[in-house]
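[1] no sequence for this one, just the structure:
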Ligand code: OOG
Ligand code: NI
């Protein structure tokens, strides 16, 4: 098969993301309602705030917005994680970042599989937050053994999906018809299975240890537990959810409302109760939920440090976990603290708080070859020869992720695992190193500067 017959991994990912959305709409009808709400609000924001639409046009995000979503799965073993990594690689998705959630009482560690180059992200920004269960943190040897035994017997991939992954690795790609088969075979891994693999009593034992353990161990596969569209105004979504019959979690995770959003703000609604058939009885299980997010600027290490500091200070001032009863106070403390984070792109750039993308303007192009034109980046910006926009954050936030996990796992039986970050163990299970998201943003920023320098006939900027 000549290489030019291969479908690009970006296109396979776009197909897979669309197929996943369709499947989830059928499985969780409320997700469809949420998509409608998000689309209404996004239209409204673009109509009422032309500067937001303008910024999205510069970066090209306007073209990806309607298809933009992330999902989340939880796998049970190192072997499952390693094969998931190979499956995602077929679609050009690579592990980026390491998230330790054990310190927040969730016995998992995680990465995000996503495209890494801005051109690929433009075609499909689909990401999957993927968590590996850490049975080693569970201080209950018989239960640990039970869980290991059950997980060791399941196969979460179809035989055809495994063949196509191997074929893609061997030959360097998939043709259109194989890619189509791959998408439908891969989808099976993420489906909801009504039949559990355990007895009602085993389920109860796993559940009593931690609801998450039951969710990972008791089923045939790592069902997708949410699919999250991207909104341009999460406050409007949070306010609009109840009228659509969707009760949101108490607080929006992440930074406060800003003119220029940073990182990631997220809200979610409670898990569905779903009927399941245990091997010996009927029962129910809650795991799947809905989530919405608003994305903003990717922060540099300096910006991220400021973000973490202000968020910690907010939580310390609150003196507890944000919940229904203190939601309003949390919101106002968050706003007070974040007054220290400049809400102006120029200042954020000058202070080195965020990553940016640079674009040569018409004016800049027209000035090529003119004597005395500016040649420094700041000079070009001041003269209107170069325009900049913030680079969008493509990743996740550990404190937010913990809040999302918790709001959906219920507050009962919050476990304590201490802090057990172990990136090496995670990478060993994965069979790969996770990429550093900060390096990816820096590369993307650098490429945009180089492109500017080239079209403006300048040396390095
Ligand atoms: C993942 C929760 C984290 C996010 O958006 O931060 C997450 C899970 O519940 O499996 O999806
Ligand atoms: Ni999520």
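    Alright, I've got the coordinates. Keep in mind that this is a model prediction, so the values were computed, not measured. Ligands and ions are numbered 1, 2, ... in the order given.

[2] hey, let's count contacts and neighbours off CA atoms from now on
    Noted.

[3] any idea how far the residue in the stretch 101-250 of the chain that ligand 1 sits nearest to is from residue 185?
    Using Cα to the nearest ligand atom, the single residue of the stretch 101-250 of the chain nearest to ligand 1 is residue 129, 5.6 Å away. From residue 129 across to residue 185, the span is 20 Å (Cα to Cα, to the nearest Å).

[4] Those two: who's more crowded?
    Using other Cα atoms under 10 Å as the criterion, residue 129 and residue 185 rank with residue 129 on top: 22 against 18.

[5] Okay, now the sheet partners of the host helix or strand of that one, with direction.
    Counting by DSSP states H and E, the element that carries residue 129 is strand 127-133. According to DSSP bridges, strand 127-133 forms sheet pairs with strand 69-75 (parallel), strand 108-114 (antiparallel).

[6] Please name every helix or strand in contact with whichever helix or strand comes after it.
    Tracing the chain past strand 127-133, the next element assigned as helix or strand by DSSP H and E is helix 141-153. Helix 141-153 sits against helix 200-209, helix 211-217, with contacts defined as 3 or more Cα pairs under 8 Å, 6 or more residues apart in numbering; DSSP states H and E.

[7] Look up the closest residue to the residue in the chain positioned nearest to ligand 1, ignoring the ones flanking it.
    Here the chain gets closest to ligand 1 at one residue, residue 401, 3.4 Å apart by Cα to the nearest ligand atom. Distances taken as Cα to Cα, 6 or more residues apart in numbering place residue 101 nearest to residue 401, at 7.9 Å, with adjacent residues excluded.

[8] so who does the one you found touch?
    Residue 101 makes contacts with 107-110, 398, 401-402, as judged by Cα atoms under 8 Å, 6 or more residues apart in numbering.

[9] I figured the residue of the stretch 101-250 of the chain closest to ligand 1 was touching residue 109, is that so?
    No: counting by Cα atoms under 8 Å, residue 129 does not reach residue 109; the two are 10.3 Å apart.

[10] what does the stretch 251-400 of the chain have sitting close to ligand 1?
    With Cα under 6 Å from any ligand atom as the criterion, the stretch 251-400 of the chain meets ligand 1 at residues 396, 400.

[11] can you give me the strands in the stretch 251-400 of the chain?
    With DSSP state E, counting those that start in this stretch, the ranges of strands along the stretch 251-400 of the chain come out as 264-269, 273-277, 282-286, 290-295, 356-360, 386-390.

[12] among those strands, which is the most enclosed?
    strand 264-269 (a mean of 25; mean count of other Cα atoms under 10 Å).

[13] Report the angle between it and strand 290-295.
    On the basis of axes from the mean of the first three to the mean of the last three Cα atoms, to 10 degrees, strand 264-269 is oriented at 160 degrees to strand 290-295.

[14] Give me the average confidence score over strand 264-269.
    Mean pLDDT, computed over strand 264-269, is 93.

[15] repeat for stretch 208-216
    Rounded mean pLDDT across stretch 208-216 is 92.

[16] That one close to ligand 1?
    No: no part of stretch 208-216 sits near ligand 1 under the criterion Cα under 6 Å from any ligand atom; the closest distance found is 8.8 Å.

[17] which outside residues touch that stretch?
    In contact with stretch 208-216 (Cα under 8 Å, 6+ apart) are residues 74-76, 106, 133, 203-204, 206-207, 222, 285, 287, 409, 413, 415.

[18] and which of the residues you listed is nearest residue 458?
    residue 74 (48.7 Å; Cα to Cα).

[19] isn't that closest one right up against residue 222?
    Yes: contact criterion Cα under 8 Å: residue 74 and residue 222 qualify, at 5.7 Å.

[20] report the angle between the axes of the helix or strand in which residue 39 is found and strand 264-269?
    Assigned by DSSP H and E, residue 39 belongs to helix 29-48. Relative orientation of helix 29-48 versus strand 264-269 (the same axes, to 10 degrees): 140 degrees.

[21] other SSEs contacting helix 29-48?
    helix 9-27, helix 50-59, strand 226-229, helix 234-240.

[22] Would you indicate which residues of the longest one are buried?
    I take that to be helix 9-27. Using 16 or more other Cα atoms under 10 Å as the test for burial, helix 9-27 gives 9-18, 20-21, 23-25.

[23] Then the last one?
    Applying a neighbour-count criterion of 16+ other Cα under 10 Å, the buried positions in helix 234-240 are 234-235, 237-238, 240.
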